[in-house]
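**Q** What follows is a predicted structure for the sequence shown.
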Amino acid sequence: MKIVVLNGSARARGNTAAMVGAFREGAESVGHEVVVFSVARMDIHGCLGCEYCHTKGNGACVQHDDMQQIYDVWNEMDMLVLASPIYYGSHSGQLSCALHRTYALGIPHKCTKTAMFLSSGSPGVYDASRRIYSGFVQGYFRTEDMGVFTAVGDEATSPEMRERLRSLGASL
Ligand SMILES: Cc1cc2nc3c(=O)[nH]c(=O)nc-3n(C[C@H](O)[C@H](O)[C@H](O)COP(=O)(O)O)c2cc1C
(Lines give C-alpha, C1' and ligand atoms only; values in the text may rest on other atoms or scores of the structure.)
Protein backbone atom coordinates (compact mmCIF):
# COMPACT_ATOMS: atom_id res chain seq x y z
CA MET A 1 0.00 0.00 0.00
CA LYS A 2 1.18 3.53 -0.71
CA ILE A 3 0.53 5.81 2.26
CA VAL A 4 0.82 9.60 2.05
CA VAL A 5 1.23 11.63 5.24
CA LEU A 6 0.73 15.39 5.21
CA ASN A 7 2.48 16.67 8.34
CA GLY A 8 1.48 20.23 9.23
CA SER A 9 4.20 20.78 11.83
CA ALA A 10 7.41 22.66 11.03
CA ARG A 11 9.25 21.00 13.93
CA ALA A 12 11.27 18.11 12.50
CA ARG A 13 11.76 16.63 16.00
CA GLY A 14 8.45 17.77 17.42
CA ASN A 15 5.48 15.93 18.86
CA THR A 16 3.66 15.48 15.56
CA ALA A 17 6.83 14.15 13.92
CA ALA A 18 7.16 11.59 16.74
CA MET A 19 3.60 10.36 16.08
CA VAL A 20 4.25 10.16 12.34
CA GLY A 21 7.56 8.38 12.95
CA ALA A 22 5.98 5.63 15.07
CA PHE A 23 3.24 5.07 12.49
CA ARG A 24 5.79 5.01 9.67
CA GLU A 25 7.94 2.46 11.47
CA GLY A 26 4.97 0.11 11.88
CA ALA A 27 3.73 0.53 8.30
CA GLU A 28 7.17 0.05 6.77
CA SER A 29 7.77 -3.03 8.94
CA VAL A 30 5.03 -4.84 7.00
CA GLY A 31 6.14 -3.57 3.59
CA HIS A 32 4.03 -0.45 3.00
CA GLU A 33 5.52 2.59 1.29
CA VAL A 34 5.15 5.74 3.39
CA VAL A 35 5.71 9.17 1.83
CA VAL A 36 5.77 12.03 4.33
CA PHE A 37 5.32 15.60 3.14
CA SER A 38 6.35 18.19 5.73
CA VAL A 39 3.96 20.75 4.32
CA ALA A 40 4.97 23.42 6.85
CA ARG A 41 8.50 23.28 5.41
CA MET A 42 7.35 23.40 1.81
CA ASP A 43 6.44 26.33 -0.41
CA ILE A 44 2.67 25.76 -0.55
CA HIS A 45 0.43 28.77 -1.01
CA GLY A 46 -3.24 29.05 -0.14
CA CYS A 47 -5.94 28.36 -2.74
CA LEU A 48 -6.86 31.46 -4.76
CA GLY A 49 -10.40 30.25 -5.45
CA CYS A 50 -9.96 31.21 -9.11
CA GLU A 51 -11.47 27.93 -10.42
CA TYR A 52 -8.76 27.71 -13.09
CA CYS A 53 -8.32 24.04 -12.09
CA HIS A 54 -11.95 23.27 -12.86
CA THR A 55 -12.11 25.29 -16.07
CA LYS A 56 -9.19 26.05 -18.37
CA GLY A 57 -6.68 24.14 -16.23
CA ASN A 58 -8.44 20.79 -16.57
CA GLY A 59 -7.30 19.70 -13.08
CA ALA A 60 -4.06 21.66 -13.02
CA CYS A 61 -3.61 24.45 -10.46
CA VAL A 62 -2.73 27.90 -11.74
CA GLN A 63 -0.10 28.21 -8.98
CA HIS A 64 3.29 26.55 -9.49
CA ASP A 65 4.82 25.69 -6.14
CA ASP A 66 5.71 22.62 -4.04
CA MET A 67 2.09 21.46 -4.07
CA GLN A 68 3.00 19.80 -7.37
CA GLN A 69 4.86 17.11 -5.36
CA ILE A 70 1.59 16.18 -3.65
CA TYR A 71 -0.43 16.36 -6.88
CA ASP A 72 2.04 13.86 -8.38
CA VAL A 73 1.06 11.15 -5.84
CA TRP A 74 -2.55 12.16 -5.15
CA ASN A 75 -4.10 9.53 -7.40
CA GLU A 76 -1.55 6.85 -6.50
CA MET A 77 -2.02 6.72 -2.72
CA ASP A 78 -4.08 4.04 -1.02
CA MET A 79 -4.21 5.86 2.33
CA LEU A 80 -3.99 9.49 3.44
CA VAL A 81 -2.88 10.55 6.93
CA LEU A 82 -3.29 14.13 8.13
CA ALA A 83 -0.97 15.01 11.01
CA SER A 84 -0.71 18.34 12.78
CA PRO A 85 -0.20 20.30 15.96
CA ILE A 86 -3.24 22.21 17.18
CA TYR A 87 -2.82 25.94 16.64
CA TYR A 88 -5.51 28.19 18.08
CA GLY A 89 -8.04 25.37 18.21
CA SER A 90 -7.44 23.79 14.80
CA HIS A 91 -4.74 22.11 12.75
CA SER A 92 -1.94 24.28 11.37
CA GLY A 93 -2.51 26.86 8.64
CA GLN A 94 0.08 25.14 6.48
CA LEU A 95 -1.91 21.90 6.57
CA SER A 96 -5.08 23.84 5.72
CA CYS A 97 -3.33 25.40 2.70
CA ALA A 98 -2.27 21.98 1.41
CA LEU A 99 -5.74 20.52 2.00
CA HIS A 100 -7.49 23.39 0.23
CA ARG A 101 -5.17 23.04 -2.75
CA THR A 102 -6.24 19.40 -3.25
CA TYR A 103 -9.49 20.97 -4.53
CA ALA A 104 -7.81 20.98 -7.96
CA LEU A 105 -7.73 17.18 -8.13
CA GLY A 106 -10.67 16.35 -5.86
CA ILE A 107 -11.37 12.82 -4.69
CA PRO A 108 -8.21 10.69 -4.91
CA HIS A 109 -8.77 7.75 -7.25
CA LYS A 110 -7.35 4.91 -5.14
CA CYS A 111 -7.50 6.14 -1.55
CA THR A 112 -9.60 3.82 0.61
CA LYS A 113 -8.39 4.70 4.13
CA THR A 114 -7.73 7.88 6.11
CA ALA A 115 -6.47 8.73 9.60
CA MET A 116 -5.59 11.83 11.58
CA PHE A 117 -2.87 12.46 14.19
CA LEU A 118 -3.15 15.58 16.36
CA SER A 119 -0.83 16.89 19.06
CA SER A 120 -1.66 19.75 21.39
CA GLY A 121 -0.72 21.52 24.60
CA SER A 122 -4.12 21.03 26.24
CA PRO A 123 -6.79 18.33 26.20
CA GLY A 124 -10.18 18.65 24.51
CA VAL A 125 -9.12 20.96 21.68
CA TYR A 126 -9.72 18.69 18.71
CA ASP A 127 -13.34 19.36 17.66
CA ALA A 128 -12.59 21.69 14.72
CA SER A 129 -10.02 19.37 13.19
CA ARG A 130 -12.18 16.30 13.78
CA ARG A 131 -15.07 18.02 11.99
CA ILE A 132 -12.95 18.83 8.96
CA TYR A 133 -11.44 15.35 8.95
CA SER A 134 -14.73 13.48 9.23
CA GLY A 135 -16.79 15.85 7.07
CA PHE A 136 -14.56 17.10 4.30
CA VAL A 137 -11.91 14.40 4.14
CA GLN A 138 -13.22 11.05 5.29
CA GLY A 139 -16.82 11.90 4.35
CA TYR A 140 -16.06 13.42 0.93
CA PHE A 141 -13.53 10.78 -0.08
CA ARG A 142 -15.76 8.03 1.38
CA THR A 143 -12.78 6.32 2.97
CA GLU A 144 -12.59 3.91 5.87
CA ASP A 145 -11.79 5.84 9.04
CA MET A 146 -8.68 4.34 10.65
CA GLY A 147 -9.00 6.70 13.61
CA VAL A 148 -8.20 10.11 15.04
CA PHE A 149 -5.22 9.82 17.43
CA THR A 150 -4.70 12.71 19.83
CA ALA A 151 -1.84 13.45 22.22
CA VAL A 152 -1.43 16.18 24.83
CA GLY A 153 2.18 17.35 25.29
CA ASP A 154 4.55 14.51 26.13
CA GLU A 155 1.90 11.89 25.39
CA ALA A 156 3.00 12.20 21.75
CA THR A 157 6.41 10.72 22.57
CA SER A 158 5.25 8.26 25.24
CA PRO A 159 5.86 4.52 24.80
CA GLU A 160 2.07 3.99 24.87
CA MET A 161 1.37 6.35 21.96
CA ARG A 162 4.38 5.05 20.09
CA GLU A 163 3.04 1.52 20.39
CA ARG A 164 -0.52 2.50 19.41
CA LEU A 165 0.66 4.22 16.24
CA ARG A 166 3.26 1.58 15.42
CA SER A 167 0.50 -1.05 15.75
CA LEU A 168 -1.83 0.96 13.53
CA GLY A 169 0.82 1.05 10.80
CA ALA A 170 1.65 -2.63 11.18
CA SER A 171 -2.04 -3.61 11.09
CA LEU A 172 -2.69 -2.15 7.64
C1 LIG B 1 1.06 29.14 17.38
C2 LIG B 1 0.69 28.04 18.33
C3 LIG B 1 -0.62 27.89 18.71
C4 LIG B 1 -1.00 26.87 19.56
N5 LIG B 1 -2.32 26.74 19.91
C6 LIG B 1 -2.71 25.74 20.70
C7 LIG B 1 -4.08 25.59 21.05
O8 LIG B 1 -4.94 26.33 20.62
N9 LIG B 1 -4.42 24.57 21.88
C10 LIG B 1 -3.50 23.70 22.38
O11 LIG B 1 -3.88 22.80 23.12
N12 LIG B 1 -2.18 23.81 22.05
C13 LIG B 1 -1.77 24.81 21.24
N14 LIG B 1 -0.44 24.93 20.90
C15 LIG B 1 0.53 23.93 21.39
C16 LIG B 1 0.86 22.87 20.32
O17 LIG B 1 -0.31 22.35 19.72
C18 LIG B 1 1.64 21.71 20.94
O19 LIG B 1 2.80 22.19 21.59
C20 LIG B 1 1.99 20.65 19.92
O21 LIG B 1 2.34 19.45 20.57
C22 LIG B 1 3.17 21.07 19.04
O23 LIG B 1 3.41 20.06 18.08
P24 LIG B 1 4.80 19.98 17.28
O25 LIG B 1 5.88 19.66 18.29
O26 LIG B 1 4.61 18.91 16.29
O27 LIG B 1 5.01 21.31 16.62
C28 LIG B 1 -0.02 25.97 20.06
C29 LIG B 1 1.31 26.14 19.70
C30 LIG B 1 1.67 27.15 18.85
C31 LIG B 1 3.12 27.31 18.43
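**A** Happy to help now that I have it. Numbers count the residues shown, from 1 in each chain.
**Q** Secondary structure element holding residue 25?
**A** Secondary structure assignment for residue 25, by DSSP states H and E: helix 15-29.
**Q** Now the closest residue to the ligand within the chain: closest residue in space that isn't a chain neighbour?
**A** Closest to the ligand within the chain is residue 14: 2.5 Å, counting by C-beta to the nearest ligand atom. The C-beta positions use only the backbone N, C-alpha and C, and glycine is treated the same way. Closest residue to residue 14 in three dimensions, ignoring its sequence neighbours and counting by C-beta to C-beta, 6 or more residues apart in numbering: residue 85, at 7.1 Å.
**Q** My read is that the one you found contacts residue 9, right?
**A** Yes - using C-beta atoms under 8 Å, residue 85 is in contact with residue 9, at 5.0 Å.
**Q** residues shared between the contacts of the two?
**A** Common neighbours of residue 85 and residue 9, counting by C-beta atoms under 8 Å, 6 or more residues apart in numbering, are 15-16, 92, 119.
**Q** Quick one, which of these are buried?
**A** Neighbour-count burial (16 or more other C-beta atoms under 10 Å) is assigned, among the shared contacts of residue 85 and residue 9, to 15-16, 92, 119.
**Q** From residue 1, how far off is residue 14?
**A** Distance, residue 14 to residue 1, by C-beta to C-beta, to the nearest Å: 26 Å.
**Q** got the contact list for residue 37?
**A** 4-7, 69-70, 98.
**Q** Buried subset of the residues you listed as a ChimeraX selection?
**A** The buried subset of the contacts of residue 37, as determined by 16+ other C-beta under 10 Å, is captured in ChimeraX by this line:
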select :4,5,6,7,70,98
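**Q** restrict the contacts of residue 37 to those near the ligand?
**A** Near the ligand, taking C-beta under 6 Å from any ligand atom as the test, no member of these is found.
**Q** Mind checking which residue lies nearest the centre of the chain?
**A** By C-alpha atoms, centre = their mean, the chain has its centre lying nearest to residue 82, at 1.9 Å.
**Q** Was I right to think that one contacts residue 4?
**A** No - with contact defined as C-beta under 8 Å, residue 82 does not reach residue 4; the gap is 9.8 Å.
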